[in-house]
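J.: model the following, please.
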Amino acid sequence: MKKILVVLFFVPAIALASEAGYRLDHAPTDPNDMLSLQAGARTFVNYCLNCHGAQFMRYNRLTDIGLTEAQIFNNLVLTDAKVGDTMKVALTAKDGKAMFGAAPPDLSVIARSRSADWLYTYLRTFYRDPKSPTGWNNAVFPQVAMPHALWTLQGERAYGPESVEAKEGDGKGAEGAHGGGHEMKWTQLAPGTQNTVQYDVTVRDLVNFLEYMAEPAASSRKRIGVVVLFFLGILFIFAYALKKEYWKDVH
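T.: Just a heads-up that it's a prediction; the model follows:
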């Protein structure tokens, strides 16, 4: 029985490791950075909302990140939707499966199901793969059906093995996982409109927005939680004093 419990405990970790086998980078997100959230919203509607919907998120909820309804309508509503509508797309699950081999998932709570670190690393590890139906593959999610939506920003990259001997001989560093006498190396095939630092910031902002969208009330919930804990702390003092008053004759 004890062995079974140990196996069940490690199953989620084993499944996560088997999907990628690629080290996740920390996502430097900040839910209080309004400019980052606004930039992430702009990237989301321009690059993600064509295929992926966010059916549990309304456009006018973006007033939480410092935008007015006029700014939302003029800059972020790119269809005939109204400001009070949810972020839906015209692409159906059936059409998405026919086009990509798998229906694009809704992104309303993707940051909660995948984690910010996973998304941050995933969006930065696409590479060209001529064997893939879309021409793209991903180091975190091998054989993913999604093409690289942000490739014009990041450019085109290759990801493949390089012998350790060759690397030591020419003194060049490599990035990636080790194994079997080879290192996996990233190579820039064609530049994008952004350099590496700029692209990392763009992805950071996008992931920051996806985290916000997964739980828009998170910041206010945490603030309320602090107030409640402070109130309970004060209440405890009075409750303890009252308890001592009631039991003073006994003790």
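
J.: can you read off the pLDDT for Glu175?
T.: Note for Glu175: predicted pLDDT of 45.

J.: ok, now Gly181?
T.: pLDDT, Gly181: 47.

J.: can you check Glu215 too?
T.: Note on Glu215: pLDDT of 88.

J.: then Ala41?
T.: Note for Ala41: predicted pLDDT of 97.

J.: what average pLDDT does stretch 126-133 get?
T.: pLDDT averaged over stretch 126-133 gives 94.

J.: would you mark the buried spots in that stretch?
T.: Buried residues in stretch 126-133, counted by 16 or more other Cβ atoms under 10 Å: 126-129, 132. Any C-beta I mention is one placed from the backbone N, CA and C, and that applies to glycine too.

J.: with stretch 148-167 instead?
T.: By neighbour count on 16+ other Cβ under 10 Å, the buried set for stretch 148-167 is 148-151, 153-157, 159, 162.

J.: swap in stretch 94-109?
T.: Residues 96, 99-100, 103-109 are the ones in stretch 94-109 that count as buried (16+ other Cβ under 10 Å).

J.: distance from the top helix by length along the chain to the middle of the chain?
T.: When the chain is parsed with DSSP state H, its longest helix is helix 218-247. Mean-position distance between helix 218-247 and its chain equals 35 Å (Cα atoms, centre = their mean, to the nearest Å).

J.: what of stretch 71-82?
T.: In this view, stretch 71-82 has its centroid 23 Å away from the chain centroid, taken as Cα atoms, centre = their mean.

J.: what about the spatially most central residue of the chain, helix or strand, and which?
T.: Geometric centre of the chain, nearest residue: Leu119, 3.3 Å, by Cα atoms, centre = their mean. Using DSSP states H and E, Leu119 sits in helix 116-122.

J.: strand partners (parallel or antiparallel) of the helix or strand just after that helix?
T.: The helix or strand immediately downstream of helix 116-122 is strand 126-128, counting by DSSP H and E. The strands beside strand 126-128 in its sheet (DSSP bridges) come out as strand 136-138 (antiparallel).

J.: can you name the element that comes right after the strand it pairs with?
T.: Next helix or strand after strand 136-138 toward the C-terminus (DSSP H and E): helix 151-154.

J.: quick check: mean pLDDT of that next one?
T.: For helix 151-154, the mean per-residue pLDDT is 97.

J.: which strands or helices does it pack on?
T.: helix 196-214 (3 or more Cβ pairs under 8 Å, 6 or more residues apart in numbering; DSSP states H and E).

J.: which residues does the helix it packs on contact?
T.: 27-31, 33, 36-37, 39-41, 43-44, 48, 54, 57, 64-65, 107-112, 116, 119-120, 123-124, 150, 153-154, 192, 194, 218 (Cβ atoms under 8 Å, 6 or more residues apart in numbering).

J.: filter those down to the buried ones.
T.: Buried members of these, scored by 16+ other Cβ under 10 Å, are 27, 29, 31, 33, 36-37, 39-41, 43-44, 48, 54, 57, 65, 107-111, 116, 119-120, 123-124, 150, 153-154, 192, 194.

J.: appreciated, that's everything.
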